[in-house]
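Enquirer: here's my sequence, what's the structure:
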Amino acid sequence: MGEFHYILIPEQHKNGVLHIHMIATNTLTQKWWKDNAYKSGFGYMSKIKPMNSAGNVPYYISKYIGKDSHEQVWPKHFRRVRKSGKWPLLPEIEVPNPYDYEVYKTLHAARWEVLILLDIGYDVGIHCEIGIDT
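Expert: Model (predicted):
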């Protein structure tokens with residue numbers, strides 16, 4: 001299994017039920033997560049989805065940190081983000097020439113690229129053009 005690292009973000013439904021979103025560096029099966037989530041008091045549901053790129057991690061984390069954060073009232077000293085120690089560093093990313101551009105066919109693909117560039121310190125300008133190829 002190797003080293004086990006994780007980032008865990010609790011999320012509360014409007015009815016008060018708490019569940020978690022987690023990114024982990026392991027190869028445990030969905031059955032393992034389901035069995036152990038139940039044994040740990042988290043209930044019966046558990047889904048896993050492999051991350052296909054390290055660049056997806058910031059998007060996933062920011063999505064659940066920001067989701068309904070203005071509506072939720074957490075107890076004093078509640079740790080909204082929990083992580084293991086010594087989270088592995090991302091590999092070096094080759095930085096594109098700032099005058100180059102690429103066309104992204106989906107909003108999802110463009111969002112990832114923007115998050116990566118912002119994360120490494122770039123200012124990002126977006127030009128959106130909608131057209132139909134004939």
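Enquirer: who is Leu18 paired with across the strands?
Expert: Gln12 (DSSP bridges).
Enquirer: isn't it right up against Ile9?
Expert: No - assessed by Cβ atoms under 8 Å, Leu18 is found out of contact with Ile9, at 11.1 Å. Placement of C-beta: from N, CA and C, glycine included.
Enquirer: so where's this protein uncertain?
Expert: 1-2, 54-55, 67-72, 90, 93, 95-105, 127-134 (pLDDT under 70).
Enquirer: element containing the residue nearest the centre of it, please.
Expert: In the chain, the residue lying closest to the centroid (Cα atoms, centre = their mean) is Tyr60, at 1.8 Å. In the assignment (DSSP states H and E), Tyr60 maps to helix 56-66.
Enquirer: which residues are contacting that helix?
Expert: The contact list for helix 56-66 (Cβ atoms under 8 Å, 6 or more residues apart in numbering) reads 7, 9, 11, 21, 23, 51, 80-81, 111-112, 115-116, 119.
Enquirer: change it to 6 Å
Expert: Ile9, Glu11, His21, Ile23, Leu115, Asp119 (Cβ atoms under 6 Å, 6 or more residues apart in numbering).
Enquirer: picking that back up, between Leu18 and Ile9, who's got more neighbours?
Expert: The residue with more neighbours, out of Leu18 and Ile9, is Ile9; 21 against 10, by other Cβ atoms under 10 Å.
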